[in-house]
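Q: Provided below for reference: sequence and predicted model.
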Amino acid sequence: MRVITFGTFDVFHVGHLRILERAREYGDFLVAGVSTDSMNYSKKGRYPVYDQNERLQIIQALRCVDKVFFEESMELKRHYIESHLADILVMGDDWAGKFDEFSDICRVVYLPRTPSVSTTAIIEKIRIPKS
Ligand code: C2G
């Protein structure tokens, strides 16, 4: 079974690791789509802290990830699922219901997010207060 998941994975943390490890357990091949910097800019109005090549390299190096690619647009999800021959789409439950439209071509699974960790919280924690 081939599993696909998507994410920005900026300032990589244990919540990212856990979703990727759990996604991999749903099959025997995990493909991870890493969102591009320009996709982030158009979605959130800001660039990630780590650029897309750094984020891709980190995800690629993980034992639980078999293949990586750049996710250039949210609108291409159906194309990515099909072209990577994915049987199962796994996402964190902050996306619950959002990708149900793809259940005609694959199984769609939402897993609970790891509590108390996020890129935003880490950035806040290390931000040096301006004096
Ligand atoms: N995640 C998690 N636990 C956390 C934080 C994140 O399980 N504490 C999961 C999210 O639910 C998501 C994955 O880690 O499935 C990646 O999260 P982000 O890097 O925040 O990615 P996002 O901006 O949601 O990008 O096409 C969809 C986008 O590419 C998803």
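A: Structure received.

Q: off-centre distance for stretch 26-45?
A: Mean-position distance between stretch 26-45 and its chain equals 5 Å (Cα atoms, centre = their mean, to the nearest Å).

Q: stretch 6-22 now?
A: Using Cα atoms, centre = their mean, the offset of stretch 6-22 from its chain centre is 7 Å.

Q: hmm, who's touching that stretch?
A: 5, 30, 32-35, 40, 48-50, 55, 58-59, 62, 64-65, 71, 77, 80, 90-92, 111, 113-114, 117-119, 122-123 (Cβ atoms under 8 Å, 6 or more residues apart in numbering). Every residue, glycine included, has its C-beta placed from N, CA and C.

Q: cutoff 6 Å now
A: With Cβ atoms under 6 Å, 6 or more residues apart in numbering as the test, stretch 6-22 has contacts from 33, 35, 48-50, 55, 58-59, 64, 71, 92, 111, 114, 117, 119, 122.

Q: highest neighbour count among those residues?
A: R55 (26 neighbours; other Cβ atoms under 10 Å).

Q: now do the contacts for the residue of the chain found nearest the ligand.
A: Nearest to the ligand, among the residues of the chain, is G92, at 1.6 Å (Cβ to the nearest ligand atom). G92 is in contact with I19, R113, counting by Cβ under 6 Å, 6+ apart.

Q: which regions of the protein lie under the pLDDT threshold?
A: The model of the chain has pLDDT under 70 over residues 131.

Q: from the chain's centroid, how far away is the longest helix anywhere in the chain?
A: For the chain, the longest helix by residue count, based on DSSP state H, is helix 14-24. In terms of Cα atoms, centre = their mean, the centre of helix 14-24 is found 9 Å from the chain centre.
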